[in-house]
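Visitor: I would like to see how this sequence folds:
(one chain, ligands or ions: 2)
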Amino acid sequence: MSQTEKNYQAARELYASIGVDTDKALETLKKTPISVHCWQIDDLQGFENPDAVLTGGIAATGNAPGKPESREEYMANLNQALDLIPGATKLALHAIYLDKHGKDIDRDEIGPEEFSEWVDFAKSRNIGLDFNPTYFSHPMSDSGYTLTSRDESVREFWINHGKCCRRIGEYFGKELGQVCITNHWIGDGNKDYTIDKLTPRLILKDSLDQIFAEPIDPRYNIDSVESKVFGLGSESYVPGSHEFYTNYALTKKNCIVCMDAGHFHPTESIAAKFSSYLAFGQELMLHVSRPVRWDSDHVVMLDDETKAIMEEIVRYDALDRIHIGTDYFDASINRIAATAIGARNARKALLLALLQPTEELIQIEREGNLTKRLAYYEELKAMPFGLVWEMFCEMENVPGRTWISELK
Ligand SMILES: C[C@H](O)[C@H](O)[C@@H](O)C(=O)CO
Ligand SMILES: [Mn+2]
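Guide: Ligands and ions are numbered 1, 2, ... in the order given. The predicted model follows:
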């Protein structure tokens, strides 16, 4: 028996003494997909254009060496990162990570062909794929407007991009036998005080109606719409706000809401919002991120918000309805390690949630014993979850904490 197994047995007994079945927790942990974003590896550069400049009110700040300079280098780095992430994984792609195979096509013309290598890659690694249209970093988004543009040629271009991306999502879903979530985020908004906030929202509503008009089997593709409270250059007004998309998803029933942990006011918790959506039978997509004072997209830590996100999902048995994804891009540290650190932390938080005696905590709360509720919840923090995590890594053939010693 390895030391990891011995440690696990001790932890298993301790957890069993509070009614928690660690074997069951590990089973659930293993099969719950976490969608790891592809863009931390190269600061959202993509393969469309080697000179592309990141626009849309988002920025990868920092200058760490090692940014891949070719597709081959990118793939090698991505593989290294994925090798460090245990459990069922999906890879979230952006449309700019396409392969045009030498063709002169723009974003309003792309299709499954441009992503066939990604399907082969996903099959070879036994992972799923999620997708994101790229409504930024393109001359047609230079005005700062895409789906809310009053210029019909601009708006039509982006509507067509959205339609193309849904078909790519459907292709991923069919090929890989697991649903693809195609997440739509636009950077449209205004820097300064805005008089008419309604018209852009009416335009956005119509654009989304057009994008989602084609019925696609939800077994293959589900669309999500990602809100934001503000961005760089859209400090005063964002048409695609949380309220806007929440109303859109609830009334149209053709998409779900995506919540990014960095897209709300700094003291707002996305975890606290989930139950309001579950109460109305809605699914959610998540971008687990770490805002530091603003939407800074820092690498996910095992912090209170990340733990709260996973606790809420587990408490309502919503692992099949709240889809977990990551979103951060920090160029100040090694990008392979950054990808792995954030994804591992998201999964560690999920394990912590699975190791809680949820039913007992709920029972104590129902009995009105608020002191015991707090005391018990706090004592749980001293349970040996790290020993269970190490066992999980060993079972998944992924290094546990020892990966640190190999970090250069
Ligand atoms: C690259 C992503 O689409 C982007 O990060 C988006 O999800 C977002 O969060 C923008 O702030
Ligand atoms: Mn996001």
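
Visitor: run through the stretch 301-408 of the chain and note the low-pLDDT ranges.
Guide: The model of the stretch 301-408 of the chain has no residue with pLDDT under 70.

Visitor: residue of it closest to ligand 1, please.
Guide: Here the stretch 301-408 of the chain gets closest to ligand 1 at one residue, Asp327, 4.8 Å apart by C-beta to the nearest ligand atom. C-betas here are computed from N, CA, C, even on glycine.

Visitor: repeat that for the stretch 51-200 of the chain.
Guide: Trp185 (4.2 Å).

Visitor: okay, the closest residue to that residue other than its chain neighbours: pLDDT?
Guide: Take Trp185 and drop its neighbours on the chain: the residue closest to it by C-beta to C-beta, 6 or more residues apart in numbering is Glu226, 4.0 Å away. Glu226 carries a pLDDT value of 98.

Visitor: and the stretch 201-350 of the chain, which of its residues are near ligand 2?
Guide: 260, 287, 327 (C-beta under 5 Å from the ion).

Visitor: make it 6 Å
Guide: The stretch 201-350 of the chain comes close to ligand 2 at residues 226, 260, 287, 327, as judged by C-beta under 6 Å from the ion.

Visitor: mind listing what the last one touches?
Guide: Which is Asp327. 37, 92, 260, 262, 287-289, 297 (C-beta atoms under 8 Å, 6 or more residues apart in numbering).

Visitor: if we take those residues, which one ends up nearest to Thr61?
Guide: When the contacts of Asp327 are ranked by distance to Thr61 (C-beta to C-beta), Asp297 comes first, at 9.0 Å.

Visitor: need phi/psi at the closest residue to that closest one other than its chain neighbours.
Guide: Take Asp297 and drop its neighbours on the chain: the residue closest to it by C-beta to C-beta, 6+ apart is Tyr328, 4.5 Å away. Torsion angles at Tyr328 (phi, psi; degrees, to the nearest 10) stand at phi -160, psi 160.

Visitor: burial measure for Tyr328, as a count.
Guide: Neighbour count of Tyr328, defined by other C-beta atoms under 10 Å: 26.

Visitor: repeat for Asn369
Guide: 13.

Visitor: with Asp304 instead?
Guide: Counted with other C-beta under 10 Å, Asp304 comes out at 11.

Visitor: what separation do you get for Ile34 and Lys307?
Guide: In this view, Ile34 and Lys307 are 15 Å apart by C-beta to C-beta, to the nearest Å.

Visitor: just among the residues of the stretch 201-350 of the chain next to ligand 2, which is most surrounded?
Guide: Taking other C-beta under 10 Å as the neighbour criterion, Asp327 ranks highest of these with 29 neighbours.

Visitor: where does the closest residue in space to that one that isn't next to it in sequence sit: helix, strand or coil?
Guide: Leaving aside its sequence neighbours, Asp327 sits nearest to His287 (C-beta to C-beta, 6+ apart; 3.7 Å). Recorded secondary structure, His287: strand (DSSP: H, G, I helix; E, B strand; the rest coil).

Visitor: wait, His287 touches Ile270, no?
Guide: No: counting by C-beta atoms under 8 Å, His287 stays clear of Ile270, with 9.1 Å between them.

Visitor: quick one: the residue nearest to Trp185 and Thr182, what's the gap?
Guide: Distance of Glu226 to Thr182, given as C-beta to C-beta: 11 Å.

Visitor: how about stretch 192-207 as PDB, C-alpha atoms only?
Guide: Output in PDB follows, covering the C-alpha atoms of stretch 192-207 (Å, rounded to 0.1, in the frame of the first residue of the first chain):
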ATOM      1  CA  ASP A 192     -19.300  57.500 -20.500                       C
ATOM      2  CA  TYR A 193     -22.700  58.500 -19.300                       C
ATOM      3  CA  THR A 194     -25.300  57.000 -21.700                       C
ATOM      4  CA  ILE A 195     -28.600  58.600 -22.400                       C
ATOM      5  CA  ASP A 196     -30.400  55.900 -24.300                       C
ATOM      6  CA  LYS A 197     -29.800  52.500 -22.700                       C
ATOM      7  CA  LEU A 198     -32.900  50.900 -24.100                       C
ATOM      8  CA  THR A 199     -32.200  51.000 -27.900                       C
ATOM      9  CA  PRO A 200     -28.900  49.000 -27.700                       C
ATOM     10  CA  ARG A 201     -30.700  46.300 -25.700                       C
ATOM     11  CA  LEU A 202     -33.600  46.100 -28.200                       C
ATOM     12  CA  ILE A 203     -31.000  45.700 -30.900                       C
ATOM     13  CA  LEU A 204     -29.100  43.000 -28.900                       C
ATOM     14  CA  LYS A 205     -32.400  41.200 -28.300                       C
ATOM     15  CA  ASP A 206     -33.100  41.100 -32.000                       C
ATOM     16  CA  SER A 207     -29.500  40.000 -32.800                       C
END
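
Visitor: give the buried residues for it.
Guide: 200-201, 203-205, 207 (16 or more other C-beta atoms under 10 Å).

Visitor: related to what we said a few turns ago, is it correct that the residue nearest to Asp297 is in contact with Ala340?
Guide: No: assessed by C-beta under 8 Å, Tyr328 is found out of contact with Ala340, at 12.0 Å.

Visitor: circling back: looking at the buried residues of stretch 192-207, spot the one nearest ligand 1.
Guide: For the buried residues of stretch 192-207, the nearest to ligand 1 is Leu204 (15.8 Å; C-beta to the nearest ligand atom).

Visitor: what packs against the helix or strand in which Val119 is found?
Guide: Using DSSP states H and E, Val119 sits in helix 116-125. Counting contacts by 3 or more C-beta pairs under 8 Å, 6 or more residues apart in numbering; DSSP states H and E, helix 116-125 packs against strand 89-94, strand 128-132, helix 152-176.

Visitor: buried stuff in that helix?
Guide: Neighbour count says helix 116-125 has 118-119, 121-122 buried, by 16+ other C-beta under 10 Å.

Visitor: then stretch 50-64?
Guide: By neighbour count on 16+ other C-beta under 10 Å, the buried set for stretch 50-64 is 54-60.

Visitor: that stretch close to ligand 1?
Guide: Yes: for stretch 50-64 and ligand 1, the contact criterion (C-beta under 6 Å from any ligand atom) is met by Ile58.

Visitor: could you pull up the mean pLDDT of that stretch?
Guide: Taken as a whole, stretch 50-64 has a mean pLDDT of 95.

Visitor: what does that stretch contact?
Guide: So stretch 50-64 is contacted by 43-46, 96, 135-138, 141-142, 186-187, 189, 231-234, 295, 297, 329-335 (C-beta under 8 Å, 6+ apart).
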